[in-house]
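Novice: Sharing a sequence plus its predicted fold:
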Amino acid sequence: MVYFPRTVDRALLKWSESKNRKPLILRGARQTGKTASVRHFGESFNLFIEVNLERFDDLSMVRACRSHEDLLSALKTRHNITDVPERTLIFLDEIQESPEAVQWLRFLYEDHPDLFVIAAGSLMEVRLADRGFSFPVGRVTFRNLQPFSFGEFLRAIGKDVLWQTVAESTLGGEAPPRAIHDQALDLLRDYLLVGGMPEAVVHWASNHNFEVVRQLHTDLINALAEDIQKYGRDAEVHYLEAAFENLKHHYGKRFKYEGFAPGFRSQLMKTSITKLEQAMVTTRVWPTSSLTVPLERKAKSAPKLLPLDIGIALSSSGISVDQARRLPLDTLLDGRVAEIFVGQEFLATRGTGDDLHFWVRDSSRGNAEVDYLLEGDGIALPIEVKAGASGSLKSLHQFLWRSGRHLGLRFFAGPYADERHTVRMPDGEFDYRLISLPLYLAGLVERIPLR
C-alpha cells in the first residue's frame, strides 16, 4: 500500500534522537498504520529487523529463546551477521503474543542502549492484562497512533497547499480568504465520510469512490468484531460482543453502563467497555468539575464515548453518503458529529494517550456542560464545539465566571476570529476573550497562540 507521511514520523525521529532513548511502545487499534509507519521509519537505518509475532516462524523463534541475549543471537544468525551494526532498528510487531518479549524490553534498554527498539500491537494491554503481565515501568516510553487526522488526510489527497494556507493564516492570527475557507469545509465533508483509516484514505486518494470506502468500513467493522474472541475468556465474550455492537448508539453522548446494551449488567458492561478502550476501539471522555489543573474525574458521573474513526461511525449509523453530503452538520448524528470530530483530532494530534475531559456543573439553577477541557501550561482551557456558525455559549460563560479565567475557545463552521465580549451573569458581569476557530483546524489546538 502507498505510504503517506504521518505526524508520527516526526515523533519517531524525535524519539530516535533522544539522548536517553528507551524502547518505544507504539499503541494503536487494528489497521491504523503502526506497521507501515515503523517500516517507513526503518528505511533510514543501516539495518532494520522486523519480528512479527503473529507469524508462526517468528513466534517459534522467540519462544525458543530464554533471554534477550538469546533473541539477539537468533536474530544475528537469521540475518547472517556477526555483529549488529550502528543504527540498527529492531521492530517487535504484535508483541502481546509473547509476554516474555515484553519483559525483555527492559534488559534491551539496560544492556544494549545503542539499539533502537520499537514494539507495537493492537491488543497489547488486553492480552497482557489477561496473562498477568505489564510493560516494565520506567524502562519504556509510549506513543499512540490514531487514524489519519484531517491535516494528514489533506496531505494524502494532494491538498497540502490548502492545509498549509489555512494553518499559516490562523497561526498568524488571520482568517484565511473566504474561498479557501469554503474549500476546506467542503473537504471536511469528504473526510467525515472517508474517515482516517489508512486503507480508506489510500483508496479515496486514488479513485474518490464512496462505495468502495463504505465497503472497506464494513470489512473493518467485521474484522474488529472477529477480534472480540481475543479480548477475554469465554464467559466475557458475550458481554464484549454486546458492548461492541452497541457502541454506535452512544457516540458523542453521555452514557451509563446500566442499559448500555439492553439486558446486560452494568459492572460487567463497564469491564467490557474498558477492554474495548484498551484495544483502542473506542475512547471515553471523562466528566470533571475541576476549575484548575490537574483535572479530576467527577465520581459517579456519566462519561461520553468517541469512536475509533469518524468515517466508520457515520457508516455504522446508517446515514447515506447523499445525506452526509447534503444535510447541515448540526443534523448529522443528532448534531454530535462536530464534537466527535474535534475529539478525534485532539487524540490524533496529541498522541500521548492522556485522558480527554469535559466540564460539568449540576445545580438547582440549571446544568452546564463545556464540550472539552484541555490541560496545558498549567491551566484548564475550555473549548466549545458548534456544528454551525453560531450557538449559545452559556456553559462556557459559567466555567469562565467560576474559574476566574478570561479566555475560551470555540470550534465552529465559521472563520477564525479573536474577539472581546462582555457577559452579564446573575452575580455581575465580566469581560473575556473568545478565539473562534474553524472546525477543520481542531488538530492545531496546541499551536494556537493564546497570548
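Specialist: Received the coordinates, thanks.
Novice: alpha carbons only for contacts and neighbour counts from here, please
Specialist: Fine.
Novice: in the worst-scoring helix or strand of the chain on mean pLDDT, what's buried?
Specialist: Least confident helix or strand of the chain, by mean pLDDT, DSSP states H and E, is helix 124-130 with a mean of 82. Across helix 124-130, burial judged by 16 or more other CA atoms under 10 Å covers 124-128.
Novice: would you put the C-alpha positions of the helix or strand that comes right after that helix in CSV?
Specialist: The helix or strand immediately downstream of helix 124-130 is strand 141-144, counting by DSSP states H and E. C-alpha atoms of strand 141-144 as CSV (Å, rounded to 0.1, in the frame of the first residue of the first chain):
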residue,chain,number,x,y,z
THR,A,141,8.1,5.1,26.5
PHE,A,142,4.7,5.2,24.8
ARG,A,143,3.2,6.8,21.7
ASN,A,144,-0.4,6.3,20.4
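Novice: neighbours around residue 388, how many?
Specialist: 17 (other CA atoms under 10 Å).
Novice: Can you report how many residues neighbour residue 346?
Specialist: Residue 346: 19 surrounding residues under other CA under 10 Å.
Novice: list the helices and strands the least confident helix or strand of the chain packs on?
Specialist: helix 266-278 (3 or more CA pairs under 8 Å, 6 or more residues apart in numbering; DSSP states H and E).
Novice: quick one: contacts of the strand ranked longest in the chain?
Specialist: Longest among the strand segments of the chain by residue count, using DSSP state E, is strand 428-438. Here strand 428-438 makes contact (CA atoms under 8 Å, 6 or more residues apart in numbering) with 401, 405-424.
Novice: Okay, and the residue nearest to residue 130 when sequence neighbours are not counted sits in which element?
Specialist: In space, residue 130 comes closest to residue 232 once its chain neighbours are excluded; the distance is 7.2 Å by CA to CA, 6 or more residues apart in numbering. Under the criterion DSSP H and E, no helix or strand holds residue 232.
Novice: Quick one: distance of stretch 406-417 to the chain centre.
Specialist: Put simply, stretch 406-417 sits 22 Å off its chain's centre (CA atoms, centre = their mean, to the nearest Å).
Novice: what does that stretch rub up against?
Specialist: Residues from elsewhere that reach stretch 406-417 (CA under 8 Å, 6+ apart): 170, 174-176, 178, 181, 185, 381-390, 396, 400, 431-439, 442.
Novice: Buried among the contacts of strand 428-438? Make that a PyMOL selection.
Specialist: Buried residues within the contacts of strand 428-438, by 16+ other CA under 10 Å, are selected in PyMOL with:
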select buried, resi 401+405+406+407+408+409+410+411+412+413+414+415+416
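Novice: Tell me how many other residues crowd the residue nearest to residue 265 when sequence neighbours are not counted.
Specialist: Sequence neighbours aside, residue 258 is the residue nearest to residue 265 in space, at 6.2 Å (criterion: CA to CA, 6+ apart). Neighbours of residue 258 under the rule other CA under 10 Å: 15.
Novice: quick one: contacts for residue 258?
Specialist: 264-267, 269.
Novice: got the phi/psi numbers for it?
Specialist: Per-residue torsions, residue 258: phi -70, psi 120 (degrees, to the nearest 10).
Novice: and what of residue 81?
Specialist: phi -130, psi 150.
Novice: what's the answer for residue 381, then?
Specialist: Dihedral angles (degrees, to the nearest 10) for residue 381: phi -100, psi 120.
Novice: In the contacts of residue 258, find the pair that's most separated.
Specialist: 264 and 267 (9.0 Å; CA to CA).
Novice: of these two, who's got more company?
Specialist: Between residue 264 and residue 267, residue 264 has the larger neighbour count (other CA under 10 Å), namely 16 against 10.
Novice: thought the more buried one was touching residue 240?
Specialist: No. Contact criterion CA atoms under 8 Å: residue 264 and residue 240 do not qualify, at 10.6 Å.
Novice: list the residues that contact both of these two?
Specialist: By CA under 8 Å, 6+ apart, residue 264 and residue 240 have no common neighbours.
Novice: Residue 217 is in contact with residue 315, correct?
Specialist: Yes. Using CA under 8 Å, residue 315 is in contact with residue 217, at 6.9 Å.
Novice: pretty sure residue 278 is touching residue 127, no?
Specialist: No. Between residue 278 and residue 127 there is no contact under CA under 8 Å: 9.7 Å.
Novice: now the helices for the stretch 251-400 of the chain?
Specialist: Along the stretch 251-400 of the chain, counting by DSSP state H, counting those that start in this stretch, helices occupy 266-278, 310-317, 321-326, 337-350, 394-403.
Novice: Show me the one of those helices that comes nearest residue 12.
Specialist: Closest to residue 12 of those, according to CA to CA: helix 337-350, at 13.7 Å.
Novice: Check the gap between the residue positioned nearest the centre of the chain and residue 149 for me.
Specialist: Against the mean C-alpha coordinate of the chain, by CA atoms, centre = their mean, the closest residue is residue 347 at 3.5 Å. For residue 347, the distance to residue 149 equals 9 Å [CA to CA, to the nearest Å].
Novice: Which strand or helix spans the most far-flung residue of the chain relative to its centre?
Specialist: Most distant residue from the mean C-alpha position of the chain: residue 82, 41.0 Å away (CA atoms, centre = their mean). Following DSSP H and E, there is no helix or strand that holds residue 82.
Novice: same question, residue 147
Specialist: Applying DSSP H and E, one finds residue 147 in no helix or strand.
Novice: State the pLDDT value of the closest residue to it other than its chain neighbours.
Specialist: Using CA to CA, 6+ apart and skipping the chain neighbours, the partner closest in space to residue 147 is residue 196 (4.6 Å). Here, the pLDDT recorded for residue 196 equals 98.
Novice: cool, residue 217 as well?
Specialist: Per-residue pLDDT puts residue 217 at 97.
Novice: To what extent is it buried, counted in neighbours?
Specialist: Neighbours of residue 217 under the rule other CA under 10 Å: 24.
Novice: I'd like the distance between the closest residue to it other than its chain neighbours and residue 386.
Specialist: In space, and not counting its chain neighbours, residue 217 is closest to residue 312: 5.6 Å by CA to CA, 6+ apart. Applying CA to CA, the value for residue 312 to residue 386 is 21 Å.
Novice: what does residue 398 give?
Specialist: Taking CA to CA, one finds residue 398 at 17 Å from residue 386.
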